[in-house]
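A.B. asks: no sequence for this one, just the structure:
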């Protein structure tokens with residue numbers, strides 16, 4: 001019976017994109033070191049039955065978290081910071097927003113609280129605003145550099161200072177891999193008594209070693225910058241731990257305490273939750289701890305050096321492809337590629353058609369739809385690549401694939417179509433889901449084009465309906 005169960009699980013896994021080997025350039029972070037998977041699995045098994053709800057009953061939870069927080073203190077130059085290990089970047093961002101909202105309320109904030117952030121900030125902050133009742137003030141990014149103007153962020157703060165609960169910047173931003181103006185924004189926030197959160201979910205465990213690993217110098221962005229009040233840094237990204245684990249660290253004790261939920265006014269046991277979850281598995285915590293202990297700073301620098309070399313090779317290759325351009329100046333291992341509008345239309349390469357053509361050559365890139373910005377030029381559609389240590393071993397296959405795919409789709413007429421004319425009906429998301437479940441290919445480029453063509457609220461509902469249908473029991 002057990003053999004049948006595992007065989008069925010293996011059959012299910014056969015439907016997945018490969019999580020090792022460097023063929024998927026998003027979502028997965030492959031160190032290329034199988035021994036890390038082994039120590040992570042062993043550590044997770046050791047704590048499989050532990051409930052992270054109560055570290056007084058299971059002190060191992062507090063000890064493991066303490067070790068990882070000390071690691072974060074040293075890595076991010078915050079000798080006095082405190083925090084928690086969460087289930088991932090989204091939970092870390094949610095808690096950062098929750099803490100800021102509670103602090104704002106405690107200081108008699110007026111009206112409805114709001115977050116000031118660039119349009120390139122992660123979707124997790126939109127989710128936090130939706131869940132916790134905050135408004136968003138979005139500051140546009142420059143379409144050439146992918147970065148917001150710090151003066152525009154300050155102006156957005158000043159527009160209604162009493163309502164600002166939090167300012168967010170990214171290190172780097174996920175869509176474009178560029179570093180926001182952390183120093184200028186954090187200083188302005190501190191001057192006005194407002195918390196500044198640095199979302200380093202993807203960069204937090206690679207930027208600290210980037211320069212030492214042979215990469216370009218990275219401007220200061222961590223707790224060494226005056227005014228940075230909290231940082232999220234995912235252990236399950238370039239920390240190379242299994243999903244899901246993230247560090248959330250606070251420079252200010254007041255903010256740190258504000259994320260807690262405590263209740264004694266009920267008949268049951270006293271409830272104190274440091275994170276959004278009550279009962280929670282300690283397996284990811286143990287696995288992240290074991291990986292960090294095994295690698296240490298030296299191991300992270302070695303893996304980052306591989307990532308630096310891979311990133312440099314990809315950037316050099318894309319720079320030589322006529323019709324494509326890299327958005328801005330990436331700081332770290334994330335690259336966003338857009339069509340080069342400076343060349344003639346006959347020479348341009350649509351990034352989504354390019355991603356599809358690269359996919360036919362065995363590599364999965366991540367398409368990003370164009371994004372309209374209020375009172376500013378729209379952010380162009382692009383294709384995102386996350387480079388990891390194992391990418392270096394795949395360059396002999398990847399780099400020619402990037403070049404050949406561009407040659408295949410260069411010129412007018414290669415842009416993905418929505419499949420809709422002026423009067424064409426919107427595709428039925430449930431029918432699309434059924435076709436995808438039956439093994440049909442889902443044309444992601446066409447889906448992205450549809451998102452661009454429809455009002456964003458409409459396309460979001462369509463995608464929700466599609467995913468609900470796709471994941472429903474069969």
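C.D. replies: Nice, I can see it. This is a predicted model, so every value here is computed, not measured. Numbers count the residues shown, from 1 in each chain.
A.B. asks: How about the backbone phi and psi for the nearest residue to residue 389 once chain neighbours are set aside?
C.D. replies: Spatial nearest neighbour of residue 389, chain neighbours left out: residue 306 (3.9 Å); criterion: Cβ to Cβ, 6 or more residues apart in numbering. No exception for glycine: its C-beta is placed from N, CA and C like everyone else's. For residue 306, the backbone dihedrals (degrees, to the nearest 10) come out as phi -60, psi -40.
A.B. asks: How about the contacts made by residue 411?
C.D. replies: 345-348 (Cβ atoms under 8 Å, 6 or more residues apart in numbering).
A.B. asks: Kindly apply the preceding question to residue 215 instead.
C.D. replies: Neighbouring residues of residue 215 by Cβ under 8 Å, 6+ apart: 304, 308, 311-312, 332.
A.B. asks: Could you pick out the buried ones from those residues?
C.D. replies: Among those, those classed as buried by 16 or more other Cβ atoms under 10 Å are 304, 308, 311, 332.
A.B. asks: For the residues you listed, please prepare TSV with the additional fields distance to residue 160, pLDDT and secondary structure.
C.D. replies: Output for the buried ones among the contacts of residue 215, formatted as TSV (distance: Cβ to Cβ, whole Å; pLDDT from 0 to 100; DSSP: H, G, I helix; E, B strand; the rest coil):
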residue	distance to residue 160	pLDDT	secondary structure
304	41	98	helix
308	42	98	helix
311	40	98	helix
332	34	96	coil
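A.B. asks: What is the nearest of the residues you listed to residue 256?
C.D. replies: Nearest to residue 256 among the buried ones among the contacts of residue 215 is residue 332, at 26.9 Å by Cβ to Cβ.
A.B. asks: can I assume the closest one is in contact with residue 174?
C.D. replies: No - with contact defined as Cβ atoms under 8 Å, residue 332 and residue 174 do not form a contacting pair (10.8 Å).
A.B. asks: Quick check: neighbours shared by these two?
C.D. replies: What both residue 332 and residue 174 touch, as defined by Cβ under 8 Å, 6+ apart, is the set residue 202.
A.B. asks: between the contacts of residue 411, which is nearest residue 43?
C.D. replies: For the contacts of residue 411, the nearest to residue 43 is residue 348 (49.3 Å; Cβ to Cβ).
A.B. asks: shouldn't the closest one be in contact with residue 340?
C.D. replies: Yes - between residue 348 and residue 340 a contact is recorded at 6.2 Å, counting by Cβ under 8 Å.
A.B. asks: who touches both of these two?
C.D. replies: By Cβ under 8 Å, 6+ apart, the residues touching both residue 348 and residue 340 are residue 323.
A.B. asks: Among these two, which residue is more densely surrounded?
C.D. replies: Comparing residue 348 with residue 340 by other Cβ atoms under 10 Å, the one with more neighbours is residue 348, at 23 against 16.
A.B. asks: so how far is residue 411 from the more buried one?
C.D. replies: 7 Å (Cβ to Cβ, to the nearest Å).
A.B. asks: Then residue 269?
C.D. replies: Applying Cβ to Cβ to residue 269 and residue 411 gives a distance of 67 Å.
A.B. asks: what do you get for residue 463?
C.D. replies: In terms of Cβ to Cβ, residue 463 sits 30 Å off from residue 411.
A.B. asks: can you count the residues close to residue 307?
C.D. replies: So residue 307, with other Cβ under 10 Å, has 27 neighbours.
A.B. asks: My error: substitute residue 127 in the last question.
C.D. replies: 14.
A.B. asks: so where does it fall, helix or strand?
C.D. replies: Residue 127 is part of helix 123-132 when elements are defined by DSSP states H and E.
A.B. asks: ok, back up a step: per-residue pLDDT, the residue nearest to residue 389?
C.D. replies: You'll see residue 306 listed with a pLDDT of 98.
A.B. asks: Might you calculate how far the helix holding residue 127 sits from the centre of the chain?
C.D. replies: In terms of Cα atoms, centre = their mean, to the nearest Å, the centre of helix 123-132 is found 14 Å from the chain centre.
A.B. asks: Quick check: buried residues in it?
C.D. replies: 124-126, 128-129, 132.
A.B. asks: Closest one of the residues you listed to residue 447?
C.D. replies: For those, the nearest to residue 447 is residue 126 (19.8 Å; Cβ to Cβ).
A.B. asks: so that closest one touches residue 134, yeah?
C.D. replies: No - taking Cβ under 8 Å as the definition, residue 126 is not a contact partner of residue 134, at 10.0 Å.
A.B. asks: In the stretch 251-400 of the chain, what residue spans correspond to helices?
C.D. replies: Listed in chain order, the helices of the stretch 251-400 of the chain (DSSP state H, counting those that start in this stretch) span residues 253-258, 283-319, 351-359, 395-409.
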